[in-house]
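Participant: need the 3D shape of this:
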Amino acid sequence: MLRVTQVGYHFVNLNGLDIQRPEGEDQYLLLFFRTDTEVRMDGVYRPVPRFSFFLYPKGAPQSYRKTDGDFLNDWMYFDLLQDPEYFQKLNIPLCTPIHLRNPAPLNTLMMEMFNDWFYDSASPDGILADKANTFFHRLSGSLALEQNRAGSRNAHISELSELRNRLLNFSLLPSNSASIARSLHMSVSNLEHLYKELFHSTIAQDMIQGRIQHACVLLRSTDTPVTNVAYICGYESPEHFSRQFKKNMGCSPQQYRDRVQG
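Facilitator: Okay, the predicted model is just below:
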């Protein structure tokens with residue numbers, strides 16, 4: 001689970017800036033450069049184009065600068081409360097520029113997190129954590145699609161991208177991969193191989209992610225009993241739901257509800 005401590009959106013530093021933190025910081029730092037920036041990587045300052053993301057882990061030296069005009073950026077400080085391999089599993093690189101053709105959906109989510117953090121001091125930490133988790137899963141998917149778009153001519157890319165969005169947003173609840181494969185006129189093995197190649201995730205993993213995030217919404221915004229939440233989210237067994245929820249969120253469904261509603 002993530003714990004977001006600070007969020008900045010569309011911050012302006014007049015006449016540029018020069019950040020030097022050789023010891024890094026005791027939290028993760030996500031940056032979104034809205035202006036061309038120079039970032040020190042492997043001992044050398046390298047140009048990073050505007051509209052790029054950059055993720056620093058704990059303790060990593062931080063050196064970036066803008067010396068020829070105003071500097072604009074978004075940023076988020078956060079901690080990983082479990083699963084130190086979180087970003088490896090999502091195939092999100094650390095200390096490496098990430099440039100996307102269309103970062104607008106992620107920027108919108110960043111603005112929402114900033115509003116939650118800055119304007120709504122009563123907003124429970126769990127809501128920010130959910131949105132940050134969604135943010136990084138969408139970043140992972142966008143990055144994977146970007147990496148494959150240049151060289152891939154597969155006719156199923158747009159279909160699979162839409163499929164993934166629907167799975168993660170819980171607007172599609174298929175029974176299994178076979179039913180999806182039939183609708184796309186593909187074999188199950190080809191579907192699962194291509195999906196994994198494109199998004200570095202499996203259909204089963206994204207189905208679980210979509211169910212768990214939908215469960216979080218129900219747990220924090222309704223009084224629906226936990227057993228009913230399990231059924232609504234497609235689980236035949238409340239016990240299986242509770243085990244899978246705890247594995248992904250680090251606490252039981254009831255503990256999550258008590259924390260975000262309390």
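
Participant: residue boundaries of the strands in the stretch 151-262 of the chain?
Facilitator: In the stretch 151-262 of the chain, no strands are found when defined by DSSP state E, counting those that start in this stretch.

Participant: show me the shaky parts of it.
Facilitator: Applying pLDDT under 70 to the stretch 151-262 of the chain flags the ranges 151-155, 262.

Participant: run the last query once more with 50
Facilitator: The stretch 151-262 of the chain contains residues with pLDDT under 50 at 152-153.

Participant: residue boundaries of the helices in this structure?
Facilitator: Using DSSP state H, the helices of the chain run over residues 86-90, 104-118, 125-149, 157-168, 177-183, 188-199, 203-221, 226-232, 238-249, 253-261.

Participant: a markdown table for those helices, including mean neighbour count?
Facilitator: From N, CA and C alone the C-beta is placed, and that goes for glycine too. A markdown table is the format used below for the helices of the chain (neighbours: other CB atoms under 10 Å):
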| stretch | mean neighbour count |
| --- | --- |
| helix 86-90 | 15 |
| helix 104-118 | 17 |
| helix 125-149 | 19 |
| helix 157-168 | 17 |
| helix 177-183 | 15 |
| helix 188-199 | 17 |
| helix 203-221 | 19 |
| helix 226-232 | 17 |
| helix 238-249 | 17 |
| helix 253-261 | 17 |
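
Participant: out of these, nearest to Arg46?
Facilitator: helix 125-149 (19.0 Å; CB to CB).

Participant: just want the angle from that closest one to helix 253-261.
Facilitator: Using axes from the mean of the first three to the mean of the last three CA atoms, to 10 degrees, the inter-axis angle of helix 125-149 relative to helix 253-261 is 110 degrees.

Participant: isn't Pro47 right up against Met41?
Facilitator: No: Pro47 is beyond contact range of Met41, at 10.6 Å (criterion: CB atoms under 8 Å).

Participant: circling back: want to try a markdown table for the helices of the chain, with distance to Gln27 as columns?
Facilitator: Shown next, in a markdown table, are the helices of the chain (distance: least, CB to CB, whole Å):
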| stretch | distance to Gln27 |
| --- | --- |
| helix 86-90 | 14 |
| helix 104-118 | 14 |
| helix 125-149 | 12 |
| helix 157-168 | 26 |
| helix 177-183 | 38 |
| helix 188-199 | 28 |
| helix 203-221 | 23 |
| helix 226-232 | 32 |
| helix 238-249 | 20 |
| helix 253-261 | 21 |
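
Participant: Gly16: which of these is closest?
Facilitator: Closest to Gly16 of these is helix 104-118 (CB to CB; 21.8 Å).

Participant: give the contact list for the residue nearest to Leu191 when sequence neighbours are not counted.
Facilitator: Using CB to CB, 6 or more residues apart in numbering and skipping residues adjacent in sequence, the residue nearest Leu191 is Ala181, 4.4 Å away. Going by CB atoms under 8 Å, 6 or more residues apart in numbering, Ala181 touches Ser187, Val188, Asn190, Leu191.

Participant: report the separation between Ala181 and Phe245.
Facilitator: From Ala181 over to Phe245 the distance is 28 Å, taken as CB to CB, to the nearest Å.
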